[in-house]
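Asker: Give me the fold of what follows.
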Amino acid sequence: MKRLISTPQGDQLIDLTAEEVAQRQIEEQQAEADKVIREEKIATDLANKQSALNKLKALGLNDAEIKSIIG
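Answerer: This is a model prediction of the structure:
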């Protein structure tokens, strides 16, 4: 892997050190894990909202009444 260094003399590509490569890999793995967690939270929130709507309908509320409650 290479990185770009900008200097007054011009741009240069230099090799990353082993530590830099390892750090980038760790950061990429963490970013992917964070993305999965965010997607799971969104899916859970949507499922919870649908569950709540279904329960309100089961209580006998119609769509207009539900909309007036939740906005």
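
Asker: what's the burial count for D15?
Answerer: 10 (other C-beta atoms under 10 Å). Placement of C-beta: from N, CA and C, glycine included.

Asker: gap between it and M1?
Answerer: 7 Å (C-beta to C-beta, to the nearest Å).

Asker: who's in contact with the helix or strand where I69 lies?
Answerer: In the assignment (DSSP states H and E), I69 maps to helix 63-70. With C-beta atoms under 8 Å, 6 or more residues apart in numbering as the test, helix 63-70 has contacts from 53, 56-57, 61.

Asker: in it, what counts as buried?
Answerer: Across helix 63-70, burial judged by 16 or more other C-beta atoms under 10 Å covers no residue at all.

Asker: try stretch 53-63
Answerer: L56.

Asker: what's the model's confidence in stretch 57-71, averaged?
Answerer: Across stretch 57-71, pLDDT averages out at 93.

Asker: ah, wrong one, I meant stretch 21-38
Answerer: pLDDT averaged over stretch 21-38 gives 96.

Asker: residues in contact with that stretch?
Answerer: 1, 16.

Asker: again, only using 10 Å
Answerer: 1, 3, 15-17 (C-beta atoms under 10 Å, 6 or more residues apart in numbering).

Asker: Going by length in residues, pull out the top helix of the chain.
Answerer: helix 18-58 (DSSP state H).

Asker: Go through the contacts of stretch 21-38 and name the one nearest A47.
Answerer: Comparing the contacts of stretch 21-38 against A47 with C-beta to C-beta places M1 closest, at 40.2 Å.

Asker: so who does the closest one touch?
Answerer: 15-17, 20-21, 24-25.

Asker: mind checking pLDDT for A52?
Answerer: 96.

Asker: Run a quick neighbour tally on it.
Answerer: Neighbours of A52 (other C-beta under 10 Å): 12.
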